[in-house]
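*Asks:* got a predicted structure plus its sequence, pasted below:
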Amino acid sequence: MSAVATAVWGRVEQQDFRSRVRGTLLGLALGDALSAPVAALDLAGIRAEYGADGITDLAKAHGRRGAVTAATQLTLFTVDGLIRAQVRRDTGAWHPPTDLHRAYLRWAATQRDWGPDERRKEDGWLAREEWLYVRRDPPRACLIGFGDDVMGTVDAPKNPGERSVAATVRSAPFGLLVGWEPQLVTQLAVECAAQTHGHPTGYLAAGAFAVIVHALARGDSLDGAVQRALSLLAARPGHEPVTEGLQHALGAVRQGMPTPSRVEELVGDGDAAGVLSAAVYCSLVGEDIRHGLCLAVNQGGDSGGTGALTGALLGALHGETALPPGWLAEVEGRPTLLSLADDFAMEMTQGAALHGPGGSAPGWLARYPRG
């Protein structure tokens, strides 16, 4: 573990870190699943279908209760890519954006193949999870960005006009790199977002979200985490929409009781800056995680993105045990989410023992091959 990571463990104990990793991934999946049945509805439509309070419990979507969408799928592959990047570091060929790009290409294969190819052992275990081989509203920008082997970069991004929130949602795991400096977390999230979202709003919102999660995972308050993001954004060209959105979210907290119309106002035209703003607001004013998530999804804007981001923020802030247990029991893919979360926590705390120069665990390298 690095010196920075060692210092971090003085404030964030390993068990607490594991709970926050689980909380972030499960919270994101819960927000995704809660919003899935209403993603195509405006507020009037939500109330017509679920009553005056809107949707307040997991409901059926995509043929099952608690179904998740491509937002959760892509987030899982972000975690897989981060673990694989750490494993590959032993070889000296360490470039995390490339490892993340390879992970996202494995996700793209799930969107076009019938099922996993058991012959491809280099794909690792996640790409062999059959439940992932379904299309759940995959964002067009991601299908295009990962439609070939060319990796977009900030200097030569894929989809240069794309400002939507999909890259931001999948960036939550970057914030769980608690041993990294905030600037490096921001940069990695930005570089990986540019692989599909080439507009500054699209990739800078991803960087801001990642560093907010990072501060929460290290024990900061949500207000303090947003302030950290604002300070890091200030030097980035094109930061203004994201900065203004976060400032608007902080100001809205003092404007009375939360309402769907206020959430919709923050979402605005639905770009990544607006959706992140709304998620920060819902996380700040929610009485508890259930209330914050219901506030996030019962509105006529991008309820899917707002719900997923809100769930990740609240999960990182409060940890796994604060999430609604009844919802956790029903969310799709829970065993995979838990296994991947625990593997990530183990890699970040015990990676050297798993695959370092002093030895390796063959089972680990079978799950996360160096290739």
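*Replies:* Good, I have the coordinates.
*Asks:* so which bits of the helix or strand encompassing residue 294 are buried?
*Replies:* Secondary structure assignment for residue 294, by DSSP states H and E: helix 289-297. For helix 289-297, the neighbour count (16 or more other CB atoms under 10 Å) marks 289, 290, 292, 293, 294, 295, 296, 297 as buried. In short, each C-beta sits where N, CA and C put it, glycine included.
*Asks:* go on, stretch 212-230?
*Replies:* Neighbour-count burial for stretch 212-230 [16+ other CB under 10 Å]: 212-220, 222, 225-230.
*Asks:* in helices only, show me the residues you listed.
*Replies:* Residues of the buried residues of stretch 212-230 located in helices (DSSP state H): 212-217, 222, 225-230.
*Asks:* got the angle for the next helix-or-strand element following the helix holding residue 294 vs helix 289-297?
*Replies:* Moving toward the C-terminus from helix 289-297, the next helix or strand (DSSP H and E) is helix 303-318. Between helix 303-318 and helix 289-297, the angle comes out at 150 degrees (axes from the mean of the first three to the mean of the last three CA atoms, to 10 degrees).
*Asks:* packing partners for helix 303-318?
*Replies:* In terms of contacts (3 or more CB pairs under 8 Å, 6 or more residues apart in numbering; DSSP states H and E), helix 303-318 is packed against helix 14-35, helix 70-88, helix 166-169, helix 200-217, helix 272-285, helix 289-297.
*Asks:* pretty sure residue 244 is touching residue 273, no?
*Replies:* Yes. Proximity of residue 244 to residue 273 meets the contact threshold set by CB atoms under 8 Å, at 7.4 Å.
*Asks:* between those two, which one's more packed in?
*Replies:* residue 273 (30 against 13; other CB atoms under 10 Å).
*Asks:* give me the distance between the more buried one and residue 204.
*Replies:* According to CB to CB, to the nearest Å, residue 273 stands 8 Å off from residue 204.
*Asks:* touching both of those two, which residues are there?
*Replies:* Common neighbours of residue 273 and residue 204, counting by CB atoms under 8 Å, 6 or more residues apart in numbering, are residue 242.
*Asks:* alpha carbons only: can I get stretch 118-127 in PDB?
*Replies:* Taking C-alpha atoms only, stretch 118-127 is exported to PDB below (Å, rounded to 0.1, in the frame of the first residue of the first chain):
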ATOM      1  CA  GLU A 118     -16.200 -19.800 -22.300                       C
ATOM      2  CA  ARG A 119     -13.100 -20.200 -24.500                       C
ATOM      3  CA  ARG A 120     -12.000 -16.600 -23.800                       C
ATOM      4  CA  LYS A 121     -10.400 -17.100 -20.400                       C
ATOM      5  CA  GLU A 122      -8.700 -13.700 -20.800                       C
ATOM      6  CA  ASP A 123     -12.100 -12.100 -20.400                       C
ATOM      7  CA  GLY A 124     -12.200 -12.900 -16.700                       C
ATOM      8  CA  TRP A 125     -15.200 -13.900 -14.600                       C
ATOM      9  CA  LEU A 126     -17.400 -10.900 -14.900                       C
ATOM     10  CA  ALA A 127     -17.700 -11.300 -18.700                       C
END
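*Asks:* off-centre distance for it?
*Replies:* 23 Å (CA atoms, centre = their mean, to the nearest Å).
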